[in-house]
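*Asks:* Quick one: sequence plus predicted model below, questions after.
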Amino acid sequence: MLDLIILSLHFFICFLISISIWCGLKDVDLHSPSTGRAEIEPDGLILIGKEEDIKKSQRITAKINGREIVVFCHEGKFYALDSRCYHEGGPLCDGEIEDIDGQACIVCPWHKFKITLETGEGLYEGINPLEPSPTPKWQSKGVKQRIHKVTIDNGNVYVSPPDLSVSFDSDYFADKYKNGGELAMGK
């Protein structure tokens with residue numbers, strides 16, 4: 001009987017964790033008048049927040065036209081990219097930042113995929129079997145994650161709307177999680 005109670009509790013906790021991951025952080029919503037923080041500027045840039053606030057928190061998520069992005073401040077530099085990993089839709093806002101060969105990379109918390117913050121390239125460690133003593137080296141899979149241009153002006157952080165004429169692997173999960181996480185909720 002105790003085993004059944006423990007197992008039930010385990011499934012309930014997993015369910016709660018899944019719900020919190022699916023919902024993610026919702027700090028700024030462009031279409032939510034209650035936040036009052038996100039605005040479209042006349043030049044088309046989207047105000048995300050105050051530079052100092054984002055520096056303190058080191059990351060913030062925002063929704064732009066339903067698309068969730070994450071803005072990171074790492075070592076004084078700002079980066080923005082789709083908030084869902086190109087591989088399986090993991091929440092990059094919960095990932096750790098690592099330095100890989102001099103590049104700041106976000107590590108997806110679900111499957112440990114590594115993505116450069118600067119370019120959105122997926123990285124993997126591979127060997128060249130033709131070398132006499134092959135040693136693992138970091139290599140690029142190409143750009144997989146959509147990045148968004150960040151502009152700092154008068155202490156405010158702005159993001160440019162995405163250019164959807166070019167597609168990236170992360171677009172699939174950005175679309176699936178748009179407007180509340182249809183993929184996660186099975187809609």
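*Replies:* Looks like it arrived, so ask away.
*Asks:* can you confirm F173 is in a helix?
*Replies:* Yes. F173 sits within a helix when classified using DSSP: H, G, I helix; E, B strand; the rest coil.
*Asks:* ok, which stretches of this protein are strands?
*Replies:* Under the criterion DSSP state E, the chain contains strands at 28-29, 39-40, 46-50, 59-64, 67-74, 77-82, 96-100, 103-107, 114-116, 121-126, 137-143, 147-148, 150-153, 156-159.
*Asks:* mean pLDDT for these: which is lowest?
*Replies:* Lowest mean pLDDT of the strands of the chain: strand 28-29, a mean of 44.
*Asks:* Leaving out the residues flanking it, which one is nearest to D101?
*Replies:* W138 (5.0 Å; C-beta to C-beta, 6 or more residues apart in numbering). Backbone N, C-alpha and C define where each C-beta goes, glycine included.
*Asks:* looking at it, the one you found is touching L123, isn't it?
*Replies:* Yes. With contact defined as C-beta atoms under 8 Å, W138 counts as touching L123 (5.3 Å).
*Asks:* list residues touching both of the two?
*Replies:* I100 (C-beta atoms under 8 Å, 6 or more residues apart in numbering).
*Asks:* So for those two, which residue has more residues nearby?
*Replies:* L123 (19 against 14; other C-beta atoms under 10 Å).
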